[in-house]
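>>> With the sequence up front, the predicted model follows.
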Amino acid sequence: MSGGGTQKSFRKALGALKDTTTVSLAKVNSDYKELDIAIVKATNHVERPAKEKHIRAVFASISATRPRADVAYCIHALAKRLSKTHNWAVALKTLIVIHRALREVDPTFHEEVINYGRSRSHMLNMAHFKDDSSPNAWDYSAWVRSYALFLEERLECFRVLKYDIETDRPRTKDLDTAELLEHLPALQLLLFRVLGCQPQGAAVHNFVIQLALSLVASESTKIYQAISDGTVNLVDKFFEMQRHDALKALDIYRRAGQQAERLSEFYEVCKSLDIGRGERFIKIEQPPASFLQAMEEYVKEAPRGSTFRKDQTVDNKVDAPKEMMAIEYKKTPEVEEAKPPSPPPPEPVKVEAPVVEPPDLLVTS
């Protein structure tokens, strides 16, 4: 057997031993032994998706009917698992449990995770995570970091919107100008993190990563639908805006076009990997340059008290925004060859609080 194969086998055996030891300790020492055992088994070192029964056992402890102390303990245990592990499979499977809990458990779980991050350190801070056990593990680690950033942004978006974009009806088509100018940038930041989850290298063909990617891809349709609805609403209000608001709206409108193009490429990659079979992916028609020019012209005139009106847009098509921003849903076509991705647009600016390193709370996973 080659040296690399021997080392890989040794690491697998060591990971299995760690899982067994942790389960044994939980049976003896833990007040939450059933939950601790479920977490270890749902996030073990085995490089395969977790068994559903273990994930459901974790979810049972964080439902709205359980004492808040139980929920807090579960979040603490998951955070500890993330902060202590250097194994990509453990980290990824822990993130999948958290992601699915955000989707499938009641909204109080969102609040508890956000509050945990405020009181201690952000549990999803994986910026320095790496598994250097093999060249493939290096690629897997990069995807784990991108996935954690998406989940972190997902929580931030929930904090801004006050609802979950996946489980609740989008509300952007009914917001006023001030709310739109707050909600749309948060949604575009979230979509930016979606686009960052396009796998590279060995991560492209890893089945556990593909499982998590399918969750991200399925949520992206609702994210962009909310952005599109909000952008139509924003454009409808645009020609009555003060200049400082119009400048923000124009930037949102430009970024929506850039992200639509990249999202189409992202879906081509997903289809080439046979991810989302049967899902309805979004196809967006790019807005005509002529309308963007009319918006830019209004911004120039606004400081001088312009009387620029919506009916002065190109060809007097007042309803043009609704037509050009319409979303067309289609069944996934046959798998096509993925196109190389375009360079990403600049990340929207967001001021973040300094990251505090998580305390050394747990037994090594």
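Cool, the structure landed.

>>> for stretch 165-179, which positions count as buried?
Using 16 or more other CB atoms under 10 Å as the burial criterion, the residues of stretch 165-179 that qualify are 165-166, 170-173, 175, 177, 179. Using the backbone N, CA and C atoms, a C-beta is placed for each residue, glycine as well.

>>> Ok, stretch 258-273 next?
By 16+ other CB under 10 Å, the buried positions in stretch 258-273 come out as 258-260, 262-271, 273.

>>> got it, and stretch 135-147?
Neighbour counts over stretch 135-147 (16+ other CB under 10 Å) mark 136-147 as buried.

>>> Tell me where this structure has strands.
In the chain, the segments counted as strands under DSSP state E are 280-284, 327-331.

>>> tell me the helices in the stretch 151-300 of the chain, going along the chain?
177-195, 207-238, 243-272, 289-301 (DSSP state H, counting those that start in this stretch).

>>> Of the buried residues of stretch 135-147, which is the nearest to Ala294?
Ala294 lies nearest to Ser146 out of the buried residues of stretch 135-147, by CB to CB, at 37.2 Å.

>>> So the closest one sits against Leu195, correct?
No. Contact between Ser146 and Leu195 fails when scored by CB atoms under 8 Å: they sit 9.6 Å apart.

>>> So which residue is smack in the middle of this protein?
For the chain, Phe150 is the residue whose C-alpha lies nearest the centre (CA atoms, centre = their mean; 3.1 Å).

>>> just checking, that one touches Phe192?
No. When contacts are counted by CB under 8 Å, Phe150 is not listed as touching Phe192 (9.3 Å).

>>> which intervals of the stretch 101-250 of the chain have sub-threshold pLDDT?
Across the stretch 101-250 of the chain, the ranges flagged by pLDDT under 70 are 121.

>>> Residues contacting stretch 50-63, please?
32, 34-35, 38-39, 41-44, 66, 70-71, 73-75, 93, 96-97, 100-101, 104-106, 109, 112 (CB atoms under 8 Å, 6 or more residues apart in numbering).

>>> List the contacts of Arg103.
Here Arg103 is in contact with 164, 166-167, 215 (CB under 8 Å, 6+ apart).

>>> closest to Arg159 among the buried residues of stretch 258-273?
Using CB to CB, the buried residues of stretch 258-273 come closest to Arg159 at Gln259, 21.2 Å.

>>> So that closest one versus Phe192, what's the distance?
7 Å (CB to CB, to the nearest Å).

>>> Equivalent analysis for Glu153, please.
Going from Glu153 to Phe192 by CB to CB gives 8 Å.

>>> what's the answer for Phe291, then?
In this view, Phe291 and Phe192 are 24 Å apart by CB to CB.

>>> More neighbours: which of those two?
Phe192 (22 against 19; other CB atoms under 10 Å).

>>> ok, that one touching Arg262?
No. In this structure Phe192 lies outside contact range of Arg262 using CB under 8 Å: 9.1 Å.

>>> returning to what we had before: mean pLDDT for the strands of the chain: which is lowest?
Least confidently modelled of these is strand 327-331, at a mean of 37 by mean pLDDT.

>>> related to what we said a few turns ago, export the buried residues of stretch 135-147 to JSON lines and tack on distance to Arg243?
Putting these into JSON lines (distance: CB to CB, whole Å) gives the following:
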{"residue": "Asn136", "distance to Arg243": "52"}
{"residue": "Ala137", "distance to Arg243": "52"}
{"residue": "Trp138", "distance to Arg243": "48"}
{"residue": "Asp139", "distance to Arg243": "47"}
{"residue": "Tyr140", "distance to Arg243": "48"}
{"residue": "Ser141", "distance to Arg243": "46"}
{"residue": "Ala142", "distance to Arg243": "42"}
{"residue": "Trp143", "distance to Arg243": "42"}
{"residue": "Val144", "distance to Arg243": "43"}
{"residue": "Arg145", "distance to Arg243": "39"}
{"residue": "Ser146", "distance to Arg243": "37"}
{"residue": "Tyr147", "distance to Arg243": "39"}
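
>>> Alright, calling it a day.
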